[in-house]
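[1] Provided below for reference: sequence and predicted model.
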Amino acid sequence: MENEKRKAKPAVLVLFALFIVALLVLGWFTLLPNIQKADTYPVYGSENWMADVPDEQLLSELAIPGTHDSATQYVQLAYFSKCQSLSIGEQLNAGFRYLDIRLSPDGQELKLVHGFTNCRTGNALWSKKLYLSAVLQDCGEFLEKNPTECILFAVKKEDGNENISGFQKLLSDALLASDVPVLETSEIPTMGEARGKLVLFRRYEDELQIGAKAGIPLLWADQPKSGSDYVSPPYVDTENGGFVLRVQDRFEYNVNMKWDAFTETLRESASNGDVTLDFLSTKGPAKLGHPYRFAKKLNKKLLKEDFSKEAYGKLQGGAWIIVDFGSPKLAEKVWKLNFPEE
């Protein structure tokens, strides 16, 4: 009997040690994302910077700051899935105008997701799912307070078994149920046409064939890293009806390759009504990435970059620049490109 007890003690100690290790690992992956945040120091003029944009200027001709996976402030498996530390409302107040909205059907509603993980209303385990209605409410409140601005609302069907037409119906119902003024168009609008409105963009085909009510197409194929090689040019041009969409979204590049892809695309940004989407976000080459690790370094590079004509050359056209862990200072760095000093 005593021998059996002696044998049992090491087994219990091993199990206890494994339990402690499991708790430490769980704590690391759960708590670490909560302290990895973007700078929130406010920037004067960020809430209404579009007020100084001429009415006749096309949105495609502007440098517009945007966020990638915009609703992931609180998200499941945050270490791998969290891409933003500001809420949607905070991002809009910080100056961001392009929102990357990933949706999945949940009964008769649409929930915000990143892949298969749910975005939530808070960090607590009992926090509820974040639904489109709440995001639209934030957008409506912002536009009511800032009628000179517009919101580029880029919707992607991220997950779920619902077909595109069913998804479109749910989205249409949600927009109708909200108080948000939506600009119904299938073409890139001018600033004057878009002021005070949510401009709907879609990353899916218009299966319902509802034309302008479906929104403006933003259709492109995913851009994995193509092995470990740098692809030049790093962007891909895709015809989207009335305009060409140029996209750089090499989301598996490391820091140096991503920065090179970003700056090369920015120097060759589209013009004459075409659209450039230039993503600074990446998860890195690993199968499961940690977005903050890359965003911290890439965002620092963006803040330090000298975009003067002497150092950078004249930008050919506008570009919508999309970042992870957006901050007011990052947004300002982008929107100020629209107002070069004389």
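    Nice, I can see it.
[2] how deep is the residue nearest to Arg293 when sequence neighbours are not counted tucked in, by neighbour count?
    Closest residue in space to Arg293, ignoring its immediate chain neighbours: Gly284 at 7.2 Å, by Cβ to Cβ, 6 or more residues apart in numbering. To be clear about C-beta, it is placed using only N, CA and C from the backbone, and glycine gets the same treatment. If you count neighbours by other Cβ atoms under 10 Å, Gly284 ends up with 19.
[3] please tell me how far Gly284 sits from Thr265.
    Computed with Cβ to Cβ, to the nearest Å, the distance linking Gly284 and Thr265 is 19 Å.
[4] do Pro217 as well
    The gap separating Pro217 from Thr265 is 20 Å, by Cβ to Cβ.
[5] between those two, who's got more neighbours?
    Taking neighbours as other Cβ under 10 Å, Pro217 and Thr265 compare with Thr265 leading, 24 against 20.
[6] where does pLDDT dip in this protein?
    Along the chain, the model assigns pLDDT under 70 to residues 1-30, 160, 225-228, 270-272, 309-317, 342.
[7] where do the helices sit along the stretch 201-342 of the chain?
    For the stretch 201-342 of the chain, the helices defined by DSSP state H, counting those that start in this stretch cover 255-267, 291-304, 309-312, 328-335.
[8] give me whichever of those is most buried.
    helix 328-335 (a mean of 24; mean count of other Cβ atoms under 10 Å).
[9] for the residue minimising distance to the centre of the chain, which non-adjacent residue is closest in space?
    Central residue of the chain (Cα atoms, centre = their mean): His68, 1.5 Å from the mean position. Taking Cβ to Cβ, 6+ apart, and ignoring the residues beside it in sequence, His68 has Ser281 as its nearest neighbour in space, at 3.9 Å.
[10] residues contacting that neighbour?
    With contacts defined as Cβ atoms under 8 Å, 6 or more residues apart in numbering, Ser281 is in contact with 68-69, 83, 251, 291, 294-295, 298, 322-324.
[11] out of the residues you listed, the closest to Trp335 would be?
    Distance ranking of these against Trp335, using Cβ to Cβ, places Val323 first at 12.6 Å.
[12] that closest one - nearest residue in space that isn't next to it in sequence?
    In space, Val323 is closest to Leu280, 4.8 Å off (Cβ to Cβ, 6+ apart).
[13] again, but for Leu132
    Nearest residue to Leu132, sequence neighbours excluded (Cβ to Cβ, 6+ apart): Leu110, at 4.3 Å.
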